[in-house]
Structure formats: C-alpha cells, structure tokens
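Colleague: Here is the input, now give the coordinates:
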Amino acid sequence: MSIRNIVAGAFCVAAMAVAPHGASAEPVEKIAFMEVIHSLFYSPLYAALGLGYFEDEGLEFDLVAAQGSDKATAALISGNADIVLAGPETAVYIEGGQSPEKIRIFAGLTATDGSFLVGREPDDAFDWSDLKGKTVLGWRQGSAPAIFFEKVLKDHGLDPKTDVEIITNVAIPARLGAFMAGTADYGTFFEPDVTKIEASGDGFALANVGEAAGQIDYTVFTATESYIAEHPEVIQGFTNAIARAEAWIDETPVDEVAVVLEPFFPGVDPAELASSIERQRAAGVWKTTPLVTPEAIDSLQELLIGAGVLEAGKKVAYESIVDPSFAEAAQ
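Modeller: Numbering: from 1, shown residues only. I've put the predicted structure just below:
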C-alpha cells in the first residue's frame with residue numbers, strides 16, 4: 001500500500017479535526033489543544049497527526065489556531081486549553097508575573113525561527129543591511145518573531161527603532177493580504193504564506209530569519225503545572241508522539257513528507273509543499289528531539305534581555321519553567 005493511501009485512510013481533514021484511523025489500544029482521551037497559527041513551520045505536529053502517532057497514544061484533539069502565543073497562553077491559564085503550542089518566552093513572562101497558575105514547558109518542536117524575509121524582487125545578493133531605510137511588515141512587539149527579527153537586525157548593525165520602520169499593528173490573519181496588497185517593502189512570513197506570496201508574484205523569499213539568528217528553541221508545548229500533575233499520562237503520550245514525528249520528518253524524503261502534510265494544507269500544490277519542506281529542513285528549523293535544555297532556556301532569556309522585554313535581574317530558573325522528564329522518557 002502506498003504512503004498516500006495509508007495517509008488517506010488515517011484521518012479525515014474536515015474542520016482540521018483528528019479522526020481515528022483504526023482501533024486504538026487505549027481508550028481515547030479528547031484534549032483541548034491550541035496552536036499559535038496554522039503553519040508548515042509546525043510540520044512535525046501535523047506529521048504526528050497524519051501518521052496516527054497521537055492515536056497510538058490514545059489521544060485525540062482538534063487543531064485550533066489562537067493567532068498568537070499571547071492568546072494561546074491566555075486560553076491555557078483560563079482553562080480553555082489543556083495543551084498549547086507557543087513561544088517559550090510565554091513561560092518566562094508568566095513565571096515572573098502575578099498569575100497564581102504557572103505553566104511548564106514539557107516538549108520542544110522548533111529549533112529556531114522558521115520565518116523567511118520576503119522582498120518585492122528576487123535578490124541573490126541580498127544583505128540584511130539592505131533593510132536600512134525600508135519598511136518591514138513585522139509581528140506583535142515582544143512576540144518571538146519580533147524578538148528574533150530584531151536580533152538579526154542588531155547583529156547586522158541596524159537599529160530596529162531608527163534604521164528600519166517595522167509595522168507591528170497588522171493582525172495575524174490580515175498580514176498575508178496586507179503584504180500582497182502592497183503594504184511594506186519587505187515582510188517576514190512563515191510557510192505556507194511564503195509559497196503563496198511567491199506563487200502570486202507579489203514577493204520572493206530572500207533569507208531565513210532563524211539561520212541568521214542562530215539555534216534557540218522557538219516554539220514549545222506547554223501545559224499548566226496543575227494539568228501536568230493531574231494528567232501525566234496525557235503529557236507523556238503527547239511527547240512520545242512528537243518525538244516519533246520529529247525523528248520521522250528528519251530522515252524521510254521530502255516527497256513522502258509532503259504526502260502526509262498535504263491534507264492539512266488544502267490548495268497548496270504537493271510540489272510546492274515538498275519545496276517548502278526542503279527549504280525549512282535545510283534551514284534547520286525543526287528539533288530532532290523534544291528535549292528543551294537549560295542552555296536553550298538561558299539563550300532565550302539572554303535574547304529577551306537584549307530585546308528589552310526582560311530585565312537582567314528577572315531571569316527565571318530552568319527548573320521553574322521546564323519539566324524535561326517527559327522528553328527524557330519519550331519512546
């Protein structure tokens with residue numbers, strides 16, 4: 001049987017819901033899950049769904065896009081979500097804040113920023129210094145995409161406040177349309193939006209932000225401290241599925257990966273999907289293990305301090321925001 005037929009029988013994509021593809025060895029646990037946005041950047045998550053890895057763990061959930069780490073984290077704290085995919089900086093902010101409910105990182109998904117800088121014209125000789133005096137469609141101030149982008153600008157001698165005009169007030173769902181309508185000289189976008197922009201002729205990918213910024217864990221799976229304590233088997237099963245998917249996507253030919261991901265991105269040509277997957281894998285955006293290390297959290301907090309969103313004396317301890325036991329035990 002071809003992998004396409006296996007995937008076709010594995011799930012239904014109506015409403016982007018996870019559907020069982022066979023008898024599970026365990027009772028199904030329906031959890032409330034929320035992702036930051038729906039993006040090819042999170043390909044290992046969708047691979048785990050498409051290949052039935054979550055079902056193998058007795059887990060089921062729908063994909064709901066929060067349209068921002070802040071909104072996903074708010075849903076987590078309020079009890080409207082059990083597990084969310086968000087930037088690790090949210091755990092730092094919550095730990096240092098007034099909320100009595102704290103959140104814990106239990107698994108990592110991406111190893112660096114997966115967004116690409118898109119310009120209006122192709123430019124094989126692009127240099128980040130070319131952005132001086134230009135307008136860039138960016139992201140919400142203090143968000144991971146904004147922080148990483150500002151780091152890259154600073155690393156290339158540019159002041160994000162004076163040398164580049166960064167537009168931050170366009171809502172996430174409106175960003176693609178705004179750029180394609182002519183807003184800004186440049187913009188940073190995740191896949192599949194980069195592919196859509198290139199296909200329309202409205203822009204061209206020039207550089208990967210993550211490659212320029214370096215390896216710092218970028219998106220992670222979090223849950224509240226109380227949920228983890230009450231549902232350790234759910235957290236372990238979730239982490240097991242992600243670990244399998246990260247290993248699978250790291251070693252599987254891109255054409256096969258594209259077949260698995262295709263139902264999650266209707267309307268995107270399979271060849272374009274494969275090209276996008278190859279582009280992201282070459283940039284090293286995905287983790288190959290879900291373990292989030294102390295070094296990663298320290299690098300993240302140094303980045304937050306450099307961006308001026310965290311005071312130097314307000315760093316939090318690794319142990320207070322990360323529970324590595326599930327990733328360490330992942331099968």
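Colleague: Could you report the neighbour count for residue 180?
Modeller: By other Cβ atoms under 10 Å, the residues close to residue 180 number 16. Heads up, the C-betas are built off the backbone N, CA and C, glycines and all.
Colleague: On the pLDDT front, check it for me.
Modeller: At residue 180 the predicted local confidence, pLDDT, stands at 97.
Colleague: Show me where the protein has its strands.
Modeller: 29-30, 33-34, 59-60, 83-86, 103-110, 116-119, 135-137, 165-167, 186-189, 204-208, 219-224 (DSSP state E).
Colleague: would TSV of these with distance to residue 302 and mean pLDDT be doable?
Modeller: Shown next, in TSV, are the strands of the chain (distance: least, Cβ to Cβ, whole Å; pLDDT from 0 to 100):
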stretch	distance to residue 302	mean pLDDT
strand 29-30	38	94
strand 33-34	28	98
strand 59-60	35	97
strand 83-86	20	96
strand 103-110	17	97
strand 116-119	23	96
strand 135-137	24	98
strand 165-167	21	97
strand 186-189	21	97
strand 204-208	21	94
strand 219-224	17	97
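Colleague: List the residues that contact residue 128.
Modeller: With Cβ atoms under 8 Å, 6 or more residues apart in numbering as the criterion, the residues that contact residue 128 are 152-153, 155-156, 158, 207, 212.
Colleague: Touching the longest helix anywhere in the chain from outside, list them.
Modeller: Ranked by residue count and defined by DSSP state H, the top helix of the chain is helix 232-251. Contact with helix 232-251 is made by 29, 31, 43-45, 47-48, 51, 53-54, 56-59, 82-83, 106-107, 109, 221, 223, 227-228, 257, 281, 286-290, 326-327, 329-331, as judged by Cβ under 8 Å, 6+ apart.
Colleague: Could you check the angle that helix makes with strand 219-224?
Modeller: Helix 232-251 and strand 219-224 are oriented at 180 degrees to each other (axes from the mean of the first three to the mean of the last three Cα atoms, to 10 degrees).
Colleague: Would you mind listing the buried residues in helix 232-251?
Modeller: 234-246, 248-249 (16 or more other Cβ atoms under 10 Å).
Colleague: quick revisit: just send the strands of the chain back as CSV, with mean neighbour count and distance to residue 97 too.
Modeller: Shown next, in CSV, are the strands of the chain (neighbours: other Cβ atoms under 10 Å; distance: least, Cβ to Cβ, whole Å):
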stretch, mean neighbour count, distance to residue 97
strand 29-30, 14, 30
strand 33-34, 23, 20
strand 59-60, 22, 30
strand 83-86, 26, 15
strand 103-110, 26, 11
strand 116-119, 24, 32
strand 135-137, 19, 29
strand 165-167, 17, 26
strand 186-189, 26, 27
strand 204-208, 20, 32
strand 219-224, 26, 14
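Colleague: Select, out of those strands, the one closest to residue 308.
Modeller: strand 165-167 (14.1 Å; Cβ to Cβ).
Colleague: same for the closest one, what does it pack against?
Modeller: Contacting strand 165-167 under the criterion 3 or more Cβ pairs under 8 Å, 6 or more residues apart in numbering; DSSP states H and E are the following elements: strand 135-137, helix 144-155.
Colleague: Those: lowest mean pLDDT?
Modeller: helix 144-155 (a mean of 92).
Colleague: Packing partners of that one?
Modeller: strand 165-167, helix 209-213, helix 294-306.
Colleague: Kindly reformat the strands of the chain as a markdown table containing distance to residue 125.
Modeller: Converted to a markdown table, those look like this (distance: least, Cβ to Cβ, whole Å):
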| stretch | distance to residue 125 |
| --- | --- |
| strand 29-30 | 52 |
| strand 33-34 | 41 |
| strand 59-60 | 48 |
| strand 83-86 | 36 |
| strand 103-110 | 28 |
| strand 116-119 | 12 |
| strand 135-137 | 19 |
| strand 165-167 | 23 |
| strand 186-189 | 15 |
| strand 204-208 | 10 |
| strand 219-224 | 31 |
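Colleague: one step back: which one of the buried residues of helix 232-251 sits closest to residue 172?
Modeller: Comparing the buried residues of helix 232-251 against residue 172 with Cβ to Cβ places residue 242 closest, at 23.6 Å.
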